[in-house]
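Trainee: kindly generate the corresponding structure for this input.
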Amino acid sequence: MKLRTQIASVAAITACSFNALASEASSWTDVQWSFANVSVNQLDWSKGTEQRTGGSKEDFVFLEIEGGAGFSWGEVYGFYDLENAFNDRENEDGKEKRVATKGTMHYYLGDSNVTLYTQVYHFNSKGFYETNTVVGVGYRYANDSGLWIKPWIGGHYVDSDAGYNGSNGIMAGWVGGYGFSAAGQKLSVTNWTEIEMLRADEYKEGNGNTGVNGAVALWWHPITQVSAGVQYRYANNKLGLAGNNNAMIYTVKYNF
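Mentor: Numbering: from 1, shown residues only. The predicted structure follows:
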């Protein structure tokens, strides 16, 4: 019941944010571009991370549904991850079923590349949940070479059952990529990074003053319907642990 309640909560927060920010949009049906996929992912923690964490970090498989769309007034993106999908929520720590969801939105400000930006991320596992909400500004850049990047910055709010709820400083980040061909194959490189700064005193006591979270990936697109990738996952004072943590993720996607 708690899992369903938390998923419903983050969905409601995301929906309310999107509706409020897009209140001037004439329609959600004038889709200019869109994508959607499902994927199977294997995350393998580095030996160093496993040693530093005393074995509390377990390798795991997760299933993901991901998608996004662009409109005349802005764009949206989101994913739903089910970690340890075939395990029980009450399994031992590291092997329990977990859920992670995220929704983001860029609302275009006139004809400029500046946007009103918001994102909501929610994580739920046995005995723990945390929702991170960011509201701020973003920017969109792309060129004909295949390079694109969307940086953003905003105020950060945390809702958690781990002892802190409220304003938690500033979060900044970006998502970007570059598409290219090599040896007759379609490839792309993508990167996303989030940096938490000026955390609240109560929050940084066990988490540090700043946190970094992200991944860089190389993707192979042999056919339109299928993509495969290798991601390097990195974090510092994030993912429930102080210090540096890193992993490799191996992914196969089916693109709709």
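Trainee: element containing the closest residue to residue 177 other than its chain neighbours?
Mentor: Leaving out its chain neighbours, the residue that sits closest to residue 177 by Cβ to Cβ, 6 or more residues apart in numbering is residue 190, at 4.0 Å. Every C-beta, even on glycine, is put in place using the N, C-alpha and C of the backbone. Residue 190 is located in strand 185-197, with elements delineated by DSSP states H and E.
Trainee: and residue 136, how far is that from residue 164?
Mentor: Distance from residue 136 to residue 164, counting by Cβ to Cβ, to the nearest Å: 21 Å.
Trainee: for the one helix or strand residue 157 maps to, buried residues please.
Mentor: Secondary structure from DSSP H and E places residue 157 in strand 147-160. Going by neighbour count (16 or more other Cβ atoms under 10 Å), the buried part of strand 147-160 is 150, 151, 152, 153, 154, 156, 157, 158, 159, 160.
Trainee: any chance of a markdown table for those residues, columns distance to residue 221 and pLDDT?
Mentor: Shown next, in a markdown table, are the buried residues of strand 147-160 (distance: Cβ to Cβ, whole Å; pLDDT from 0 to 100):
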| residue | distance to residue 221 | pLDDT |
| --- | --- | --- |
| 150 | 21 | 98 |
| 151 | 25 | 98 |
| 152 | 26 | 98 |
| 153 | 31 | 98 |
| 154 | 32 | 98 |
| 156 | 34 | 98 |
| 157 | 37 | 97 |
| 158 | 37 | 96 |
| 159 | 38 | 95 |
| 160 | 38 | 91 |
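Trainee: on that earlier part again, okay, now the sheet partners of the strand holding residue 190, with direction.
Mentor: Counting by DSSP bridges, the strands paired with strand 185-197 are strand 165-182 (antiparallel), strand 211-223 (antiparallel).
Trainee: so which of the ones you listed gets nearest residue 37?
Mentor: Evaluated with Cβ to Cβ, these place strand 211-223 nearest to residue 37, the distance being 11.2 Å.
Trainee: after the closest one, which helix or strand is next?
Mentor: Remark: after strand 211-223, the chain's next helix or strand is strand 226-236, criterion DSSP H and E.
Trainee: so which elements touch that following strand?
Mentor: Other helices and strands packing on strand 226-236, by 3 or more Cβ pairs under 8 Å, 6 or more residues apart in numbering; DSSP states H and E, are strand 211-223, strand 244-255.
Trainee: who touches the first one?
Mentor: The reference is to strand 211-223. Residues outside strand 211-223 that contact it (Cβ atoms under 8 Å, 6 or more residues apart in numbering): 173, 185-196, 199, 227-239, 249, 251.
Trainee: the residue sitting nearest the centre point of the chain - nearest residue in space that isn't next to it in sequence?
Mentor: By Cα atoms, centre = their mean, the chain has its centre lying nearest to residue 102, at 5.6 Å. Nearest residue to residue 102 in three dimensions, chain neighbours excluded: residue 121, at 4.6 Å (Cβ to Cβ, 6+ apart).
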